[in-house]
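Enquirer: Provide a 3D model corresponding to the input given below.
(chains A and B)
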Amino acid sequence: MHTSLLIQVLQEPTIIKRFTAKDWNLLLRQASSAKMLARLAYSFKADNLTDFIPNKILNHVNAEQVKVAHLHTQVRQEVEALNQLFNKLAIKAIYLKGTAYLLANLPLAQGRFFSDIDILLNQDEIAKVEVALKCQGWKSQKTDDHDQAYYRNYMHEIPPMQHIMRGTVIDIHHNILPVCNDNTIDINLLTADALKLDDSSLQSTVLSPAAMFLHSAIHLFHEGELEQGLRGLSDLDILLGYFEESETNFSQQLIHLAEQINQQQSLFYAWRYLAKILNRKLSKTAQAFVDNYQEQTSNLATIDFIYTNLFTAHHSTTTSWRFTLAAQLAYWRGHLLRMPLRLLIPHLLKKSWLQLTELTKKEPITMNKVNALDPRFHQIDEEK
Amino acid sequence: MSTKTTLNSLNAYEISQQLRNDGLVVAVGPFVFCIKSSLASIANNVQRIYGDFQLLSHHDLIDFYVSIKKPKGLRRFIKPQINFYCDDYSPFLPLPASQAFPLLEWGMNWCIAQHAHHHLLLHSAVLEKNGKSVILPAQSGSGKSTLCALLALNGWRLLSDEMALIDLKSNQLHALARPISLKNESINIIQQQNCETIFGEIVDDTNKGTISHLKPSKVSVQQVENTVAPYAIVFPKYQAKQPIQVNATDKATAFMGVIENSFNYSILAEAGFKAVSQLIDSTQCHTLTYSSTEEVLAFFEELAH
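Expert: Here you go, the predicted model:
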C-alpha cells in the first residue's frame, strides 16, 4: 500500500521537524488537494509545531484560514436569515454537517471548508419552505425535468437551491439516505435527541453527538466519489476524539443508535478505518464491536481494498493502478447504494443521452471566461 | 551585485528540457513557480522574457506548480487546444494552442490572486522612481498597461503591470517585475518608442485581440526583492485627443476606487479594511486623464521629484 506523506503527517505530526524543502513542497500539494491545509495547521498548533513550519508554507496555510474564516462569516449570516424564516413558518429545521459543526462550535469546524448549507426538514413541510425560499431569492439549481424528477422521486433531498445574488447553496434533506432503497432510515430515530443550541441570536438545532457522528459515517461510507474521503475520515477522527471526552459512554451510545437505525455497518467501517488509516486507539467497547462485526462480514477484502487505497490525498503524486481500480469500485458501489439496478440503469442511460445532446449545443470558448484578473473570478470555489 | 543564478545561465535546449521534465523552478518576486510544459512556444517565450529571473531548484520551497498541457485524445490533432493547470487543478476552459504563453501568464496571475492573502491584492500597475512609488489601479481597457510600459521604458522601475501586492504586516509594496501584457495598437506604440524593447511572440485572435508580452528591464528584475512604501495612487484613463487633466481625489472616493479594484478585499475582512485605510491615509490620490505621451511622462516625472 502506498502511504502518502499527508497520511504520515496525520499519523505522526512531529515528523515535520525533520522535513526538507522537498518534503514541504509535497505536503503542501497533497494537503491542498485534499482540502486539509487549514486543518493541518490547527493540528500543528495543538502540538506546538507551528515554529517548524517555514514562512513560505505558513503563508499558504494562513491564506486558507483567511478563506475559511470568510466562508464561516457568510454561513452564519445565511443561517441567521434562514432561522428567521423557519421561525416565521413555525418549522423545525436541523442543520447538518459543516454548518452544524460550525454552529455547535466544535473544534472540527476550525479550518474546515464546506460548500453547501445542509438542512434536514420534515418531508411534509418541504413544499411550504421551498415556496418561502423562492420568495427570498433562492432558485433551484436543476432546471431540467429529468434531474428534478430524479431528486424528488428517488433521493433524500430536493435539488440544491442557490441564492441568485449571494451564490450560497442550500441542500434541503428529508432523510439522510436515498428513499428509493430498502435500507431507508427511520429519520425520527436519528433526530429524536436533536439539540437546540443556546447561541442566543441564532437558536439553531443540530443532531445529538451520537447522531451527528453516525450521520457523518453513513455519509462517508455510502459515497461513491472519495476525492475528499480522507478529509471525511479525519472529520470522524476529530468528532470521535471530542465526543469521547464530552459524552459518557459515547461508544455505547453509537452502538445503540446504529442498531436502532440498522446502520451497524457504517459504524463498523468508521471505527475500522479510523484505527487502520489514522492509527486511532479505539475504546474497549468499540474494539469488541469491531471484532464481533468483522466475523459476520464476508466481502471485507474488497472493502479494505477500496478504502485503504482511497483514503489518501487524491493527487498526481499518489496515483497507482490500485488507486484507479479502487476508485472505479467505489464509484459503482456508491451508485448501487444510492439506487437499485432496476432504477439505476435507466437513470444512467437517460443521463448519458442528455449529456451527448448537450455537447452539440456547447458555446464556443471565449477569452472573457479566462480573464484571471477579473475580480469575479476570485470567489471561493473550493469544493466543486 | 548579487550573484544569483538566472535563467540566462541555461541555453534554449536546457530550458526546454527542464520545462519538459521535472519543471523549471523560477523566483517571481516573493513567489516561486515550478513551470512545466512540452510546448515549444512556452520554451521560446520563457527564454526570451524570463532570462533575468532567478533560477531555483526542486530543493527550494515552491509556491505553485503550474503547467500548460495539451488535452489527451484525438483533439490534439484537429484545432489543437491547451489547458492551464495549477498543480492538478484546471481553473479555466481550454484555449487554442497558439495562446499557450498568454494563458500561462494569466494562470500565474490567477495563482497569486487565489492564494496570496497575506497581501492586499489590487488590479493595478505599480512603478517606482527615486524611492517614490505609484499605484495605478484600473479595469481592463483603461490603458493601464500601455502607460505602465511607457513609464517602465522611461526610467521607472517596474514592480508589476497587473497586480499590486501590499504586505498586510509591513504595508510595503512587493514587486513581481513580470512581463507587461500589451494589446493591439499598444504593441505598436511601445515598439515605436525610442528605446530597446524585447517582445515575446505576438499572438493574434485572442478575445482581447492581438497580445504580446514586453520583457521587463534587467534592473527591475534584479531589484525585485526591494520593497517600497506606497507614495501615490493615480487612477488613469486614456482619452483620445484630450489635454492632460489631473484632479486630487478625496479620500472616500479613492477608498472606493481601491476596493473596486481589489481581488481580496472582502475575503480579508477586517484586515482588508485596515490595509486599505492605511493605504489611503499614507498616499496622495489623483485621477488622471491623458492622451499625450509627453504630457503624461512629465506629470509622473514631477510626481517623483
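
Enquirer: nearest residue to the closest residue to chain B within the stretch 201-350 of chain A other than its sequence neighbours?
Expert: Nearest residue of the stretch 201-350 of chain A to chain B (Cβ to the nearest Cβ) works out as A:S316 at 5.3 Å. Where you see a C-beta, it was placed from the backbone N, CA and C, and this is true even at glycine. Counting by Cβ to Cβ, 6 or more residues apart in numbering or on different chains, A:S316 lies nearest to B:D88, which is 5.3 Å off, once chain neighbours are set aside.

Enquirer: isn't the one you found right next to A:S32, touching?
Expert: No: using Cβ atoms under 8 Å, B:D88 is not in contact with A:S32; the gap is 9.4 Å.

Enquirer: which of these two has more neighbours?
Expert: Per other Cβ atoms under 10 Å in any protein chain shown, whichever of B:D88 and A:S32 has more neighbours is A:S32, with 24 against 15.

Enquirer: and for A:L278, the neighbour number?
Expert: Using other Cβ under 10 Å, A:L278 has 17 neighbouring residues.

Enquirer: now name the helix or strand holding the closest residue to it other than its chain neighbours.
Expert: Counting by Cβ to Cβ, 6+ apart, A:D237 is the residue found nearest to A:L278 once chain neighbours are left out, at 5.2 Å. Assessed by DSSP states H and E, A:D237 sits inside helix A:229-246.

Enquirer: what sits up against that helix?
Expert: A:6-7, A:10, A:34-36, A:39, A:106-108, A:112, A:209-210, A:212-213, A:216-217, A:219-220, A:223, A:226, A:250-251, A:270, A:273-274, A:277-278, A:280, A:283, A:307, A:310-314 (Cβ atoms under 8 Å, 6 or more residues apart in numbering or on different chains).

Enquirer: report the closest residue of chain B relative to chain A.
Expert: Here chain B gets closest to chain A at one residue, B:N207, 2.6 Å apart by Cβ to the nearest Cβ.

Enquirer: close to chain A, is stretch B:47-54?
Expert: No: using Cβ under 8 Å from any Cβ of the partner chain, stretch B:47-54 never reaches chain A; the gap is at least 14.7 Å.

Enquirer: average pLDDT for that stretch?
Expert: In this model, stretch B:47-54 has a mean pLDDT of 96.

Enquirer: try stretch A:153-166
Expert: On average, stretch A:153-166 scores 87.

Enquirer: ends of that stretch, how far apart?
Expert: 29 Å (Cα to Cα, to the nearest Å).

Enquirer: mind listing what residue 99 touches?
Expert: Since you didn't name a chain, this refers to chain A. Residues near A:T99 by Cβ under 8 Å, 6+ apart: A:75, A:79, A:114, A:117-119.

Enquirer: think we crossed wires, I meant chain B
Expert: Contact partners of B:Q99, counting by Cβ under 8 Å, 6+ apart, are B:82, B:203, B:206, B:211.

Enquirer: please redo it, this time with the cut-off set to 7 Å
Expert: For B:Q99, the contact set (Cβ atoms under 7 Å, 6 or more residues apart in numbering or on different chains) comprises B:203, B:206.

Enquirer: on that earlier part again, so what's the residue nearest to A:S316 scoring on pLDDT?
Expert: 90.

Enquirer: same deal with A:V370?
Expert: On the pLDDT scale, A:V370 is placed at 34.

Enquirer: okay, now the residue nearest to A:L278: neighbour count?
Expert: Using other Cβ under 10 Å, A:D237 is surrounded by 19 other residues.

Enquirer: against A:E244, how distant is it?
Expert: Relative to A:E244, A:D237 is positioned 11 Å away (Cβ to Cβ, to the nearest Å).

Enquirer: for A:Q110, same thing?
Expert: A:Q110 sits 18 Å away from A:E244, going by Cβ to Cβ.

Enquirer: lovely, talk soon.
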